[in-house]
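Enquirer: build the 3D model from these lines:
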Amino acid sequence: MPRGPSDKLYWINAGEKKIQRANLDGSGAEDVVSGLSFVHGLAIDPDGERLYWIDLGLKKIQRAYHDGSNVEDVVCDLEGPSALALGPLKVFWADRKLKQILCANLNGSHATAIVSDLQHPNALALDPLAGKLYWGDYGTRKIHRANLDGSCVEVVVPYGKNSNGIVVDALHGKVLWANFGTKAIYRANLNGSEMEPIVTGLENPNAIALGPTTQRVYWVDRDARKIQRACLDGSHVEDVVTEIQDPWGVVLGPESASSAMAEPRPEAPAPAAAELQLRVLRQEA
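Expert: Below is the predicted model of the structure:
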């Protein structure tokens, strides 16, 4: 079984229907998964063992090992999946048609809605240490958060507007997001206070990622067809990967997931029952 990645950057190349990766400085670019349909969301599990993604064309959440091997379905028969995030034991996704945030076990079993009656959820991020889930909503133009079970929903950033990618910097107590409306990257305290732009003058930022020890923030600029990065205060902006055919998502492999990591825990295959569970959820929605 493949071991986890160390210091790798993964992104979606929607124009070429593939997921690619490179070193954190952009060198050594290579294809990981090819022949996809219309990939939108991208996430990597905390151990760095598997990549998860949303395929809008197939209406599925799929996964593979970090090297692209063993592609399999996790959740099928989705309605309008719009964002994806992973915790230690759960996969979370937003559905703009159901107007819900849902979660399941990492193999897709026991899918359930945890937040309902949303308008247009479009970005997800987890703070596992605090047990919080953050999301953006095109409809409310705000950034919200709740406990991981969906309880205690609250507004964090009342002026989130067009947030199209969110990441939590738990180490420094910050939440960062990309805003394609204002063409900027923002940050604020986890409670939404002290909001400020840290990178401005972008074209169409639509995804954002943070390494736990890199001290840098990475983002996709879709119209500029590139991935860029900067220090956490927004200084020293530089190109990392350029000339990408329609880039969408970006994630960083955990630095702790190296060749010295423990053997991956065994996991059951993704069950077909997840498809039936989603049908039940739609009937209840």
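Enquirer: any regions of the protein where pLDDT drops low?
Expert: Counting by pLDDT under 70, the ranges of the chain that qualify are 1-6, 160, 212, 214, 254-285.
Enquirer: okay, helices next: where are they in it?
Expert: 273-284 (DSSP state H).
Enquirer: how much space between residue 102 and residue 24?
Expert: Between residue 102 and residue 24 the computed distance is 32 Å (C-beta to C-beta, to the nearest Å). From N, CA and C alone the C-beta is placed, and that goes for glycine too.
Enquirer: what does residue 221 give?
Expert: As judged by C-beta to C-beta, residue 221 and residue 24 stand 17 Å apart.
Enquirer: re the thing from before, look at residue 102 and residue 24 and report which has more neighbours.
Expert: residue 102 (23 against 17; other C-beta atoms under 10 Å).
Enquirer: find the nearest non-adjacent residue to the more buried one, please.
Expert: residue 113 (5.0 Å; C-beta to C-beta, 6 or more residues apart in numbering).
Enquirer: quick check: the one you found touching residue 99?
Expert: No. Here residue 113 does not reach residue 99: they are 9.7 Å apart, not a contact under C-beta atoms under 8 Å.
Enquirer: what's the burial count for the spatially closest residue to residue 46 that is not a sequence neighbour?
Expert: Using C-beta to C-beta, 6+ apart and skipping the chain neighbours, the partner closest in space to residue 46 is residue 88 (5.2 Å). By the criterion of other C-beta under 10 Å, residue 88 has 10 neighbours.
Enquirer: before we move on, what about residue 124?
Expert: 22.
Enquirer: same question, residue 94
Expert: Neighbours of residue 94 (other C-beta under 10 Å): 27.
Enquirer: distance of it relative to residue 21?
Expert: From residue 94 to residue 21 the distance is 25 Å (C-beta to C-beta).
Enquirer: try residue 241
Expert: In terms of C-beta to C-beta, residue 241 sits 10 Å off from residue 21.
Enquirer: for residue 61, see how far away residue 127 is.
Expert: In terms of C-beta to C-beta, residue 127 sits 21 Å off from residue 61.
Enquirer: ok, those two, which is more surrounded?
Expert: The neighbour comparison of residue 127 against residue 61 (other C-beta under 10 Å) goes to residue 61, with 25 against 19.
Enquirer: could you check how far that one is from residue 172?
Expert: Taking C-beta to C-beta, one finds residue 61 at 30 Å from residue 172.
Enquirer: ditto for residue 251
Expert: Taken as C-beta to C-beta, the span from residue 251 to residue 172 is 19 Å.
Enquirer: count the residues that sit near residue 30.
Expert: 10.
Enquirer: again but with residue 100, I slipped
Expert: 23.
Enquirer: that one is in contact with residue 94, isn't it?
Expert: Yes. Assessed by C-beta under 8 Å, residue 100 is found in contact with residue 94 at 7.5 Å.
Enquirer: what's the overlap in contacts for these two?
Expert: When contacts are counted by C-beta atoms under 8 Å, 6 or more residues apart in numbering, residue 100 and residue 94 are jointly contacted by 118, 121.
Enquirer: the stretch 51-200 of the chain: strands as residue ranges?
Expert: Along the stretch 51-200 of the chain, counting by DSSP state E, counting those that start in this stretch, strands occupy 60-65, 72-75, 81-86, 90-95, 100-105, 112-115, 121-127, 132-137, 142-147, 154-157, 163-169, 174-179, 184-189, 196-199.
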